[in-house]
Structures are given as structure tokens and as C-alpha cells.
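[1] what would the 3D arrangement of this be:
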Amino acid sequence: MRLPLPPAPTPRVLGVDDFALYSDKYGTLLVDADTRLPIELWAGRDAGPLAAWLRTHPGVEVVCRDGSLVYRQGITDGAPDAVQVSDRFHLWQGLSRRVGDIAADHRRCLLAAVPQPEPAPSPTTPTGLSDQADTPARRHAKRLFEAVHALTDTGLSLRATAHKLGLNRRTVGKYARAASWQECIRRTPPRRPTSPDPYLDYLRQRWEDGEHTATVLHQEIVAKGYRGHYQRVKIAIAPLRCGLPINTPRERPPSPREVARWITTTPSRRSLHAADALQRLFEHRPELDRTHDLLRQFAAMLDARDATPLPGWPEQLTVARLPALASLANAIREDQPAVVQGITTPFDSGVNEGRITDLKLQKRIMAGRAGVPLLRHRVILMALLRRRYP
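    Residues are numbered from 1 along each chain as shown. As a prediction, this is how the structure comes out:
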């Protein structure tokens, strides 16, 4: 603390971002995007301190920030002539989070992503696999086998093949070593017995009669002697809500987070398994298909650095009638100039994110016991020392 801080320069491109001090308390970090050095840090993330700092440091031309309304107001008050840039990372992060919310809203229907179970193997075949049988697992294995060998036969390494197909390297190795696609078929494990099994016929009958409440069904089979938990009954009737058999062995359905990751992944980088699962989901839930189309439109704008379609894109979000995207449409309309700058210009908040990672390291070194003044000294001085003595 005896070491004086260097005078804060006025950067041409300023990065503004918040960070967690502790619990629900936050702070603000300013970074010079040209020199990649932190220049100021304070507690809180209000508009007033940011506007005051910008007034005392005139000359800032570009400010990179996230979608925070508070920071937008502070920059407008303190540096009205500065160009505000809504960072591409935060735009994509906000959109991806809402895709996850939409997938969570349709959690009960995610079982449709699981392929239909294979029929019982014919007892006449010693291996249990008939060449004439056409099942999803066999089609998937054949398609994946052909895709892997089409690349590895040209001399491409396993690592490069895995990267190109979006698969795990071990999976690619298994298919590359196999002499035929029949050796790679994924078999659904046999269904394990559960406590509601003796009551499945009754549950199916009651469901067809119109009783779809798991609590009521649980109480009814308890009266018949069932001693298991309510959650077991809820899980047992979950396939019925999607129009699927109640007692057929199936794979584990994907989680909403997994489905959101599939949707946000570039189609060319999706694995064949993810592509097949998404196709089944889109056929079952048109809402997810519309979400995927809207997200790919925004991704195309980011890839091409072209914001020409942006003015009409929020209208499509509104017409899609997806509540999770309605707030995003309003936010983009209100912050459209900064979003356009974020899409079309090379400025971003990558430097801020890197410095915040370093700030978290300094917090851990001090075991969370230091106040903001010492944290400011450490973050700013350590960055200067590393630059001077690499």
C-alpha cells in the first residue's frame, strides 16, 4: 500500500465490466483495451461513479461493455460522444441462456430425443443381429462408420477426424478399428426392475381414463399396497406425457443444458448423435425448431460481421411467441446501436474477461480478507510488474 499507483491514463478504447466481490456485492473494473492493462477498480456497479470517472478523463472514443443498462446510462452521461459497443460474447451468452430456458420449459418432452428402442433380437440368429432389421441404432452405427472411414482412409489422423466430426477421439478410434459397422452398434441396456412395475398396467389404464396427475395416481396405488416414493411414480408415467410406452427400455433423455448446447453448436460441428436427437426433438416440439432457426440467423450475423438483418430480427423473436426471447427482443431494440457496433466492429470485452480472471486469482491469494483499496493496488501494480518483468 506504500507504493503509489501510477496516474490513470485516458484510454482510446475502454473496457468496462463488473465482478463479484463477495456474496451479492459487486465491483467495477476498467481496462485499457489498447495496452490490455487495468486502470481503475472500485466497489459497486452504479452509473454515477462511471460517469464521474469519464468526465474527469475526457477523450475516450470507444467503450466496450455488456448489456447492462446501468453501464449504458453511466457512459451516456459521462462520455456522450463515445461509441458504445455491446460485446459479442455477452450477446451470445445472453441468447444461449435463453435457449436453455426454453429447453427447460419443455423438459418433459426431451424424452422424444431418445430413439425408439430396438425390437427384441430374433432367436434364430446366433448374434442376435439380423442384417434385414432396420433400427435407429443400426442406422446410426452405419452412418458413423462410413463417416469415420471416409476420413481415416484418406490418411487423416484420429485426432483430426474427431475434430472434424465433433466426436470423442476414443469413439473415432473404435469405429476406425472396426472391420464392419455391425461391430459398433449401440445396444440399449435391459430395463432394470423398479418398485412401480407391478402397477404399470393399472397406471396405464388410469392414464387412458384421463387421470394425469402423478400425486393422485400415487395415492391410488398406495391404497393397493404400493410402498414406494411418489417420485418413482412420477418418473414411471413420464413417457406417457410424450405419448411413449410406459415400460420400454430407453436411453437416458438429454438434459435441458445438453439440448441448449446442441442447439448453440454450429451444425457442421455437431456429432451425428446430437444431430439425430435434435431432428427428433424438432419434429416433436416446433418451438425448439423455431428457436434453432432464430439462433442460427443471429449466429450468421456474428460470423459475417453483418448487422443488416438485425432491425427485423427482434420482430421475428416477438412473432415466435417464445416468452424467454421476448425480453431479449426488447433489450436489443433499446440497445440496437451498441449491438450493431458489437456485430460489425472488431472491439470486444475479451481483455476485460482476462483481467477479471486475474482479479479472481488476487482475491484467492488474499483469502478474501483484503478490502477494495488493497485489491485495487494488487490488480493494477501486479499487471504493471508482469509487463515490466515478464
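[2] tell me where the stretch 101-250 of the chain has helices.
    Assigned by DSSP state H, counting those that start in this stretch, the helices in the stretch 101-250 of the chain fall at 136-152, 158-165, 169-177, 200-208, 214-223, 230-236, 238-241.
[3] ranking these by mean pLDDT, which is last?
    Here the helices of the stretch 101-250 of the chain differ in mean pLDDT, and the lowest is helix 238-241 at a mean of 80.
[4] alpha carbons only: can I get it in PDB?
    The C-alpha trace of helix 238-241 is given here as PDB (Å, rounded to 0.1, in the frame of the first residue of the first chain):
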ATOM      1  CA  ALA A 238     -43.200 -39.500 -17.700                       C
ATOM      2  CA  PRO A 239     -43.100 -41.400 -21.000                       C
ATOM      3  CA  LEU A 240     -46.900 -41.300 -21.200                       C
ATOM      4  CA  ARG A 241     -46.800 -37.500 -21.200                       C
END
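[5] ok, residues contacting the next helix or strand after it?
    As assigned by DSSP states H and E, the chain's next helix or strand after helix 238-241 is helix 256-264. For helix 256-264, contacts defined as C-beta atoms under 8 Å, 6 or more residues apart in numbering pick out 92, 95-96, 99-100, 102-104, 106-107, 110, 113, 254, 270, 274, 277-278, 281, 288, 291-292, 295. Heads up, the C-betas are built off the backbone N, CA and C, glycines and all.
[6] whichever of those end up buried, select them in PyMOL.
    In PyMOL, a selection of the buried entries from those looks like this (16 or more other C-beta atoms under 10 Å):
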select buried, resi 92+95+99+100+102+103+106+110+113+254+270+274+277+278+281+288+291+292+295
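[7] for Met301, find the nearest of the helices of the stretch 101-250 of the chain.
    Of all these, it is helix 158-165 that lies closest to Met301, at 25.3 Å by C-beta to C-beta.
[8] the closest one: which residues count as buried?
    Counting neighbours by 16+ other C-beta under 10 Å, helix 158-165 gives Leu158, Thr161, Ala162, Leu165 as buried.
[9] what do you get for stretch 370-387?
    For stretch 370-387, a neighbour-count test (16+ other C-beta under 10 Å) marks Leu375, Arg376, His377, Arg378, Val379, Ile380, Met382, Ala383 as buried.
[10] just give me how far that stretch sits from the chain centre.
    33 Å (C-alpha atoms, centre = their mean, to the nearest Å).
[11] and the buried residues of helix 158-165, which is closest to Asp32?
    Ala162 (39.8 Å).
[12] pull the longest strand along the chain out as PDB, backbone CA atoms only.
    In terms of residue count, the longest strand belonging to the chain (DSSP state E) is strand 13-22. Output of strand 13-22 as PDB, limited to C-alpha atoms (Å, rounded to 0.1, in the frame of the first residue of the first chain):
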ATOM      1  CA  VAL A  13     -10.700   2.200 -26.100                       C
ATOM      2  CA  LEU A  14     -12.100   1.500 -22.600                       C
ATOM      3  CA  GLY A  15     -13.400  -1.800 -21.300                       C
ATOM      4  CA  VAL A  16     -16.000  -1.800 -18.600                       C
ATOM      5  CA  ASP A  17     -17.200  -4.900 -16.700                       C
ATOM      6  CA  ASP A  18     -18.400  -5.900 -13.300                       C
ATOM      7  CA  PHE A  19     -17.100  -8.700 -11.000                       C
ATOM      8  CA  ALA A  20     -18.300 -10.300  -7.700                       C
ATOM      9  CA  LEU A  21     -16.500  -9.000  -4.600                       C
ATOM     10  CA  TYR A  22     -18.300 -11.400  -2.300                       C
END
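[13] still on that earlier bit, save the buried residues of stretch 370-387 as TSV, and put in secondary structure too.
    Listed next are those as TSV, based on DSSP: H, G, I helix; E, B strand; the rest coil:
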residue	secondary structure
Leu375	helix
Arg376	helix
His377	helix
Arg378	helix
Val379	helix
Ile380	helix
Met382	helix
Ala383	helix
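[14] make JSON lines out of those residues and add distance to Pro309 and pLDDT.
    Shown next, in JSON lines, are the buried residues of stretch 370-387 (distance: C-beta to C-beta, whole Å; pLDDT from 0 to 100):
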{"residue": "Leu375", "distance to Pro309": "43", "pLDDT": "91"}
{"residue": "Arg376", "distance to Pro309": "43", "pLDDT": "92"}
{"residue": "His377", "distance to Pro309": "47", "pLDDT": "91"}
{"residue": "Arg378", "distance to Pro309": "45", "pLDDT": "90"}
{"residue": "Val379", "distance to Pro309": "40", "pLDDT": "92"}
{"residue": "Ile380", "distance to Pro309": "42", "pLDDT": "92"}
{"residue": "Met382", "distance to Pro309": "44", "pLDDT": "89"}
{"residue": "Ala383", "distance to Pro309": "40", "pLDDT": "89"}
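[15] ok, the residues you listed vs Arg305, which is closest?
    Using C-beta to C-beta, the buried residues of stretch 370-387 come closest to Arg305 at Ala383, 30.2 Å.
[16] so that closest one touches Gly354, yeah?
    No - counting by C-beta atoms under 8 Å, Ala383 stays clear of Gly354, with 10.4 Å between them.
[17] okay, and for the stretch 1-150 of the chain, where does confidence drop off?
    Applying pLDDT under 70 to the stretch 1-150 of the chain flags the ranges 115-136.
[18] ok, 50 please
    Filtered on pLDDT under 50, the stretch 1-150 of the chain yields the residue ranges 119-132.
[19] can you get me a residue count around Asn148?
    Slight slip there: residue 148 is Val, not Asn. By other C-beta atoms under 10 Å, 28 other residues sit near Val148.
[20] spatially nearest residue to it, not counting backbone neighbours?
    Tyr175 (4.1 Å; C-beta to C-beta, 6 or more residues apart in numbering).
[21] swap in Lys234?
    Ala214 (4.3 Å).
[22] which SS class is Ile39?
    strand.
[23] thinking again about what came up before, buried stuff in the longest strand of the chain?
    Under 16+ other C-beta under 10 Å, the buried positions of strand 13-22 are Val13, Leu14, Gly15, Val16, Asp17, Asp18, Phe19, Leu21.
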